[in-house]
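Peer 1: no sequence for this one, just the structure:
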């Protein structure tokens, strides 16, 4: 199985538009492998629901970095992985995994994608999506209430108690690790230039360094 031509990391605050950027910059690429950091929350099967609800999921310690590193190494070497599935309604992994094959482009996407040095070292391109906090919280509310079955009061409380302070302490500082900072979510100019470069690397016409 061939190794990927390009490995991209996309970080940024909750609701910044990271998944949208991933989709836009790889539009037209034949095979893209998306590795969401959210799938790599630690397995909390040994904890009761009440304790799982109290965990700070925006802190770096909430993630299984060792497993993510192992899986990213495997994908970079052209090997298949079994990616965990995560159920946000119960704050835990499910019993199922998803078989993931390396594509021409592999994208690691999540709020703290640029936090771990070993993960950063495996990335050819490091992006940070910067979007206004008001826009991000509105998107977060829509996502968590509609898609993840959370109640509005709980989402707002979590944002104020953990999401916002963790963003300021851990997420925002990773901007300095980025090769490029994309302003205002899906910025058309930035996305267009990135898409051209991605296609150039995949076609073998350009080097992966941006």
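Peer 2: Cool, got the structure. Everything numeric here is computed off the predicted structure, so don't read it as measured data. Residues are numbered from 1 along each chain as shown.

Peer 1: what's the longest helix in this protein?
Peer 2: In terms of residue count, the longest helix belonging to the chain (DSSP state H) is helix 188-202.

Peer 1: Residues touching that helix, excluding its own?
Peer 2: With contacts defined as Cβ atoms under 8 Å, 6 or more residues apart in numbering, helix 188-202 is touched by 5-6, 8, 21, 24-29, 104-105, 124, 127, 180, 182-183, 206-208, 210. All C-beta spots, glycine's among them, are computed from the backbone N, C-alpha and C.

Peer 1: Among those, which lie within strands?
Peer 2: 6, 8, 105, 127, 180, 182, 183 (DSSP state E).

Peer 1: Tell me the one of those nearest residue 137?
Peer 2: residue 183 (17.8 Å; Cβ to Cβ).

Peer 1: ok now do that closest one, which residues does it touch?
Peer 2: Residue 183 makes contacts with 130, 131, 190, as judged by Cβ under 8 Å, 6+ apart.

Peer 1: Next, format those residues as a markdown table and append pLDDT and neighbour count.
Peer 2: What follows is the contacts of residue 183, written out as a markdown table (pLDDT from 0 to 100; neighbours: other Cβ atoms under 10 Å):
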| residue | pLDDT | neighbour count |
| --- | --- | --- |
| 130 | 92 | 19 |
| 131 | 85 | 21 |
| 190 | 82 | 20 |
